[in-house]
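*Asks:* I would like to see how this sequence folds:
(2 chains)
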Amino acid sequence: MSVWEPPEKLTTAWGESMAERLWDGFLSRQPVEWPGARVLDFGCSWGYLPRFLRERQGVAEAYGVDIHPLWDQMSDGARPAETPGVHLYAGDVIEIPELQDVSFDVVLSIGTLNLIPPTQLHAIMDWFYDRLEPSGVCLLRVRTFLSHIGGDLQRPDFERSATVGGVGLATPLPHLLFPARVVKDHFAEQGWNPPHYMNPSCAASYLMLFRRAGFEILAAERQPSPLDPSVYQEHVGKLEVYDSLELRTADLLARLRKPEEQLDIGILESPAETPRPGSSAAARSGFARRKWVSREAKDTQRWGRSQAEALWDNLFARYGPVVDAATVLDLGCSWGYLLKFLADEFKPRRLIGTDIEPWWDRAEYGWDHARLGERIEFHAGDLPSIGSIPDESVDLILCTSVLQYMTPEQLEANMERAYELLRPGGEMLVRTRVFTSYIGADLHRDIELPYVHLLHGERDLALFMRARRGKEPPYLNWLTASTYLAIFMRSGFEVLDARRRMNKAAPEVMDRVGEAFPWIAPEELLCAELEARLLRPIEPEELGRFT
Amino acid sequence: MARRRIYPGRVLGRRILGRARFRLARAAVSEAVPIGWPEVPGATRYRVLVRDETTGEDILRSETEKPRYAVPPGRLDRNRRYHWRAQAREGDARRWVDVLPPLRLPLPPPEGAAVTPLEWPNAGAPAYRVVIRDETADEIVIKDGVRGTRYLVNWAELDPGHRYRFRVQTWSGDGWADGTPYRQLSPPLSLVRSVVARVEERADAGQDAGELLFLFTCDTEINLRRMRNPDLSKGIEHQIFCLHDGRDYGIGYLMDALDRYDFKGTFFLDVLLEHQFGAGCLEPIVAAIQERGHDVQIHLHPWPHLRLSGNESLRRLSTGIDESDPDKFRGALAVAMELFEKRVGALPVAYRSGAYRLCDEFFPVLSEFGIKIDSSLYPFKNCRVSPWMRARTQPFFVGDVLEVPVSWILDHRAAEKRQQQFAPFKGDRGQQQAFTSMRGPAGGPPATLVYLAHSYSMLSRHPSDDDRMREKWNSELKAGSTDHQYANLHMPERTPVMFFGDPDEDRMLILERGLAELAARGDVKGVTLRELSSYDLRQWSRWPAPADPLPEWHQVAGRVHTTGTRRYSASYLAHLEAEARERAAGRPAR
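*Replies:* I've put the predicted structure just below:
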């Protein structure tokens, strides 16, 4: 399959100049022993960087991978794939047979990771880790979604852009101001190819993923947005929900290392690493283990009532949603305790509960929801796959402690469907745990060290869970607060209010986290939960409904 | 640009001491504080000076023969800042010479203080200076000289919510030179407060829950077809002053009501009515408004007034707002502006189109005439503006003109929703409360709430389907007017008939309640359009929320809830792109 690229990019001269720029601006500053190294360039275009490293920096072997074999389309007739010591492959790096048994000293990726959906990127980071030699280095440069060109929608003459065909927008920050649907429609109206996919992660979320994959983050550098601050100020009402450091980061440059040795998982049970309740270490850290509620305890009406009351009093009531005469959907409703509370306390027109599993049918809660007749309905399954709820039929969507269990892609699909279900002017009230929570990986019932997932890689923790607890760790995504907010916005919602509930537990461990991630501002790094009021605004074209 | 000098203690005095005042009880220092300085060849004596930076008072002046000294703890307080200087004197020389620049006295931090130690390589300098820059406030807040290569940042002196950077300078004997580039300085994580959304936080704190500007506007106009007995000579009396039994239920009544609550209104005067109702009809209206201190601005109904003119060129302008022709609009507006200046004595700053007839092409023309504010946007009637403007409910700029939309709500009933303007309409009290309970956003410019009354708003309405009513009206008109007047003013067939009648007490009560509810609030400020024009209007180019607020009255729930309309709509993107294209082509963007 061929892909269109500007002919000038498919020349040796352009590639050499680009490789020199990358070398001078990024790679030469890295303390890496290049001569004799085996290097992989992920997203290598036509292979100019592997060739440069092989010919100019003395690497032993330079591999390059790109999804398309651009090296066969050189406009100057060059044959970069035939360079001795350079090996170029097209396709998915995880699938290319020739690469599965090769180990690398250095893995590079410049300007590619942001084009890959988060879950696929997660797999690729794991692959990098597996293919690196111990102490091997990963040098990554990634454009963040909150970057001024994070949507890759601008014209090349406005800013550098990979938009195929030289089309694009002149408006600054379009991807942060307008929903993806609006931008896509605008492109279609102009007769342009649709914008390509961009990973919604902010820099902090990328760093979380790198750590989760097991890498030590040796250095990270944020390259600031060159946009004039007045541009951000002009749209302050739209942009101020993001952490300001994340917002002003254009590119993230990271140097990662695969640890020399695998973690001794035994330390996860050692007193030093794991403060026991009541221990001196626990006292020092300020961490006192809570009584975590079991699944069985949650299956009671009493727990459900108290949980629903707490949610209402501490979260939903703050926004004063109208429930009477409204259609309310609880996304991830468990057995329906919140819906029961709403039915008891208000006069909703219709209640809808959805959850992956039909918990409402399985447990004996003593709640005969069938008595509500057509006023209540439950749907089992992922929200986007539930087709029986009409578009624009819901006034209010409530969702707590659910989104963190979704992959980033599922999250985005659920938010898009939630948006479609809401009537114009409807709203969604959300609370979600974020990865930076002290219990962001949901391991708190098995490992007492809070923030353990920010200090150790996912595979070490999984190994521990299997070996010492006899079970698999649960899946939680690695998104930080700013990325959640970007996804909400991209789905079409306007974020009327966003509150970050900060970690309070274990200040000493929190300080360790801060030392491990000095490149992330406390507002993002110490966020435990995100609460947001999301509006499905009335569009100008919809005003005609109200005359 | 000159950088503001930081005087020792200034930051403390302004920002920190206010917070620390509660714990300003003296915190004694228990041990002497050792200080030292390089030996000066030939020096026979040294002098040590210690100054309290907060008060500027020298608290110690002592001499020694050796290049070190222990500052006695007696007068020191750990909650204060001090700096010290060492001076040297050779032999019998009388003059003391500074050995080093003033350095901060290194007191142990107060008990439990959160500190960040800073360390840097020894460059062999006799002294270093730590410079801390507050990136949030965009100023340098600390410049502390020290002898060694270590410094403790005491976070009681800084705001952990701000972003800081620091650098270290070296003393060369002549001055300070930059030693390190700026680096990030982060507070200990335990100090980071719970970050609550800015808007809600400000609102919760009650700091600036958002001011609401209440703009009472009254379209001051006459529609002959609303007179049961058409009589051009009584138009002013019937629909401007609305005289009944000798009492004024028109603009006089409205001004009485406003005055009771200490509000001033803006009366958009349809000046072209002079062409229909004759010379001299405007003066008493203007006088009535101005003598009571209310505001007069321009309202434009070219039809039917200009149609009745004897001047053919004026007649051609009678459709000046019905079409999107900027030239025709310019012509009609020019006539009205000239007349307005003559009758009112000043040029208007604000404009409202007749029957909300507004289109994009009018804005540059308004700007040409010096109009700063338009208040014609009401998307549900005769509105022809681009979609991106239609859903806006709060002020925004179109070119140089600030558009202040007429306020409306959604009235949410069981089966349907419909919009409702903020006017003295008859309806649920809750509908009015949806307006009067509206809040301004926290931070940013004030929100606006535009009330739309007419000079005849207090009169009852009497619609009729009876064709005989129309015929009777037409025959009366014919009898009392010229052929030309009749040709333009008569009611064609199927024209809905609706006459104004007696004063309507319900309408008066509704108006009164609305004003009372707004006046009872401390955060509502009544302003006229002229007063508004003296504000810094550009503040409305940065709205502090992503959507425009829209109150929604839920009749079944008996509650008001605020939803919102899209600002960043598809058509807004198209508009921004068009603007960018205009700029790229070297043309001024509209």
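
*Asks:* I'd assumed A:Val513 was in a helix, is it?
*Replies:* Yes: under DSSP: H, G, I helix; E, B strand; the rest coil, A:Val513 sits within a helix.

*Asks:* ok, now which ones touch it?
*Replies:* Contacts of A:Val513 were listed using C-beta atoms under 8 Å, 6 or more residues apart in numbering or on different chains, and they are A:436, A:451, A:454-455, A:525-526, B:189. For the C-beta atoms, the positions are set from N, CA and C on the backbone; glycine is no exception.

*Asks:* Would you mind measuring from it to B:Val344?
*Replies:* To B:Val344, A:Val513 is 68 Å away according to C-beta to C-beta, to the nearest Å.

*Asks:* where in chain A is pLDDT low?
*Replies:* For chain A, the stretches with pLDDT under 70 are A:1-5, A:155-166, A:270-292, A:363-364.

*Asks:* Give me every residue in the stretch 151-300 of chain A lying close to chain B.
*Replies:* Within the stretch 151-300 of chain A, the positions adjacent to chain B are A:169-171, A:174, A:177-179, A:182-183, A:185-186, A:189, A:233-234, A:236-238, A:240-241, A:244-245 by C-beta under 8 Å from any C-beta of the partner chain.

*Asks:* And the strands in the stretch 101-250 of chain B?
*Replies:* Using DSSP state E, counting those that start in this stretch, the strands of the stretch 101-250 of chain B run over B:103-104, B:115-119, B:128-134, B:139-146, B:150-154, B:164-171, B:176-178, B:183-185, B:212-220, B:243-244, B:247-248.

*Asks:* which of these is buried the deepest?
*Replies:* Ranked by mean neighbour count, the strands of the stretch 101-250 of chain B are led by strand B:212-220 with a mean of 25 (mean count of other C-beta atoms under 10 Å in any protein chain shown).

*Asks:* hmm, who's touching the very next helix or strand once past that one?
*Replies:* Tracing the chain past strand B:212-220, the next element assigned as helix or strand by DSSP states H and E is helix B:235. Under the contact criterion C-beta under 8 Å, 6+ apart, helix B:235 has outside partners B:222, B:224, B:227, B:273, B:276-277, B:281.

*Asks:* same thing with stretch B:274-281?
*Replies:* Applying C-beta under 8 Å, 6+ apart, the contact partners of stretch B:274-281 are B:222, B:224, B:232, B:235-236, B:273, B:282, B:304-306, B:308-309, B:314, B:339, B:343.

*Asks:* quick one: average confidence on that stretch?
*Replies:* In this model, stretch B:274-281 has a mean pLDDT of 94.

*Asks:* Poorly predicted segments of chain B, please.
*Replies:* Across chain B, residues meeting the criterion (pLDDT under 70) sit at B:1-26, B:160-161, B:188-209, B:414, B:587-590.

*Asks:* What is the burial count for whichever residue of the stretch 151-300 of chain A sits closest to chain B?
*Replies:* For the stretch 151-300 of chain A, the residue positioned closest to chain B under C-beta to the nearest C-beta is A:Ala170, at a distance of 3.5 Å. The local packing of A:Ala170 (other C-beta atoms under 10 Å in any protein chain shown) involves 18 other residues.

*Asks:* Now A:Ala441: which helix or strand?
*Replies:* Applying DSSP H and E, one finds A:Ala441 in no helix or strand.

*Asks:* Need the three-state assignment for the closest residue to it other than its chain neighbours.
*Replies:* What sits nearest to A:Ala441 in space, not counting adjacent residues and going by C-beta to C-beta, 6 or more residues apart in numbering or on different chains, is A:His453, at 3.5 Å. State at A:His453, reduced to three classes by three-state DSSP: helix.

*Asks:* And A:Phe435, by the same measure?
*Replies:* Put simply, A:Phe435 is coil when judged by three-state DSSP.

*Asks:* cool, the one 3 residues further on as well?
*Replies:* Remark: A:Tyr438 carries the secondary structure label coil [criterion: three-state DSSP].

*Asks:* Next: B:Phe380.
*Replies:* coil.

*Asks:* Need phi/psi at A:Ala297.
*Replies:* phi -60, psi -30 (degrees, to the nearest 10).

*Asks:* and it, what does it touch?
*Replies:* By C-beta under 8 Å, 6+ apart, the neighbours of A:Ala297 are A:Trp303.

*Asks:* coming back round to it: might you report the residue contacts of the residue nearest to A:Ala441?
*Replies:* Per C-beta under 8 Å, 6+ apart, neighbours of A:His453: A:212, A:435, A:440-441, A:443, A:461.

*Asks:* Could you rerun that using 10 Å?
*Replies:* A:His453 sits next to A:208, A:211-212, A:435-443, A:447, A:461, A:473, A:476, A:478 when contact means C-beta atoms under 10 Å, 6 or more residues apart in numbering or on different chains.
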